[in-house]
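Enquirer: Based on what follows, work out the 3D shape:
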Amino acid sequence: MTETDSPEHAAGASRALSFDGAAAQYAAARPGYPAALFDAVEELAGLPLRDARTLDVGAGTGISTRRLHDRGARVVAVEPGPGMAAELRRSLPHVPLVRGDGNSLPFAGASADLITYAQSYHWTDRARSTPEALRVLRPGGALALWWNVSDHAVPWVADQDTRLRDFFRDEAGAEDESAHGAPARTRGLLPELAFAHRRIPWTRRIPLATHLANLSSHSAFLVLGEERTRRFLDEEREHLARLFPDGTVEEAYVVDLNVAVR
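Expert: Below you'll find the predicted structure:
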């Protein structure tokens, strides 16, 4: 049995595909990315996004794909899940879409200026996806990985993270589980490339219902089941309604950006 065929990898692949059943919710509720992120990508990669041959791998519903396209990149979305791909095609019909994943990129060698993973690199087998990125990137091309991580320096966010971890420990026996994301240092970045790191703080103001929909669109909830998810959301709604009586939540994030030049 290969590493890719191990039970742990199979479970991870199954969890990654759990988003397919919630693609519309994901597209509607998940946060986007600030303009400063794409400025930082250009700076650390040493290339302009305009006209850059870009592969957005694990593109999901196209949240990052749209921003890359709007910045002038010649972007191709790469997505394995049929539900997520269908949502992306519906919202971005003019952007090329290829069904595939980072473990076996269906592209010629040295054909990309930039490969991006937005919220998705942790779903790959890094022992395969890193060499694949090196194969497909041209010399001087860049690999950019980023995650929206909830900003635990904000007291209410830290308190919510504690409630999430307590809930998943009690309901699923999952230690260190949340729906807040984690910084790249916990994600097993391999040493083949020397990554430069940048942290970009930002916030967004959204209705409480959208905040709860965002939480429940994370895989930890999607694999847990509707009934137990609803139990947490009902309690969380009551708690947050006291904190945000006007019904508007200010979510606080830090984008954890990691860029390596080939």
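Enquirer: Ser129: neighbour count?
Expert: Ser129 is flanked by 24 other residues according to other CB atoms under 10 Å. The C-beta positions use only the backbone N, C-alpha and C, and glycine is treated the same way.
Enquirer: The nearest residue to it once chain neighbours are set aside and Pro139, how far apart?
Expert: Nearest residue to Ser129, sequence neighbours excluded (CB to CB, 6 or more residues apart in numbering): Gly102, at 3.9 Å. As judged by CB to CB, to the nearest Å, Gly102 and Pro139 stand 20 Å apart.
Enquirer: So for the two, which residue has more residues nearby?
Expert: Ranked by neighbour count (other CB under 10 Å), Gly102 and Pro139 place Gly102 first, with 24 against 7.
Enquirer: show me the contacts for that one.
Expert: Residues in contact with Gly102, defined by CB atoms under 8 Å, 6 or more residues apart in numbering, are 57-58, 78, 117, 120-121, 124, 128-129, 132-133.
Enquirer: Now intersect the residues you listed with the strands, please.
Expert: Mapping those onto strands (DSSP state E) picks out 57, 78, 117.
Enquirer: I figured the last one was touching Trp146, is that so?
Expert: It refers to Tyr117. Yes - in terms of CB atoms under 8 Å, Tyr117 counts as a neighbour of Trp146; the distance is 7.4 Å.
Enquirer: Of all residues in the protein, which one is nearest the centre?
Expert: Gln119 (1.5 Å; CA atoms, centre = their mean).
Enquirer: How about the contacts made by that one?
Expert: Here Gln119 is in contact with 58, 60, 64, 146-148, 181 (criterion: CB under 8 Å, 6+ apart).
Enquirer: need the helices for this structure, in chain order.
Expert: 7-16, 23-29, 35-45, 63-70, 82-91, 126-136, 155-172, 208-216, 219-222, 226-243 (DSSP state H).
Enquirer: Those: which one's closest to Val261?
Expert: helix 35-45 (6.5 Å; CB to CB).
Enquirer: could you say what helices and strands the closest one packs with?
Expert: Packing partners of helix 35-45 (3 or more CB pairs under 8 Å, 6 or more residues apart in numbering; DSSP states H and E): strand 112-118, strand 137-150, strand 196-207, strand 248-261.
Enquirer: Relative to Tyr33, which of those is closest?
Expert: Using CB to CB, the nearest of the helices and strands packed on helix 35-45 to Tyr33 is strand 248-261, at 6.3 Å.
Enquirer: average pLDDT across the closest one?
Expert: Across strand 248-261, pLDDT averages out at 97.
Enquirer: by how many degrees do it and helix 35-45 diverge?
Expert: 10 degrees (axes from the mean of the first three to the mean of the last three CA atoms, to 10 degrees).
Enquirer: in strand 248-261, what counts as buried?
Expert: 249, 251-261 (16 or more other CB atoms under 10 Å).
Enquirer: what does stretch 20-29 give?
Expert: For stretch 20-29, by 16+ other CB under 10 Å, it's 20, 22-23, 25-27, 29.
Enquirer: So which of those is the closest to Glu177?
Expert: For those, the nearest to Glu177 is Ala22 (17.7 Å; CB to CB).
Enquirer: I'd say Leu134 and Arg262 touch.
Expert: Yes - between Leu134 and Arg262 there is a contact at 6.2 Å, judged by CB under 8 Å.
Enquirer: Can you check which residues contact both of those two?
Expert: Leu193.
Enquirer: mind checking how far Thr54 is from Ala73?
Expert: 4 Å.
Enquirer: Low-confidence ranges, the stretch 101-250 of the chain, go.
Expert: Where the stretch 101-250 of the chain drops to pLDDT under 70, the residues are 183-188.
Enquirer: returning to that earlier point: for the buried residues of stretch 20-29, could you give me a markdown table that also reports pLDDT and distance to Glu235?
Expert: Output for the buried residues of stretch 20-29, formatted as a markdown table (pLDDT from 0 to 100; distance: CB to CB, whole Å):
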| residue | pLDDT | distance to Glu235 |
| --- | --- | --- |
| Asp20 | 80 | 27 |
| Ala22 | 84 | 21 |
| Ala23 | 91 | 26 |
| Gln25 | 93 | 20 |
| Tyr26 | 91 | 23 |
| Ala27 | 93 | 26 |
| Ala29 | 93 | 19 |
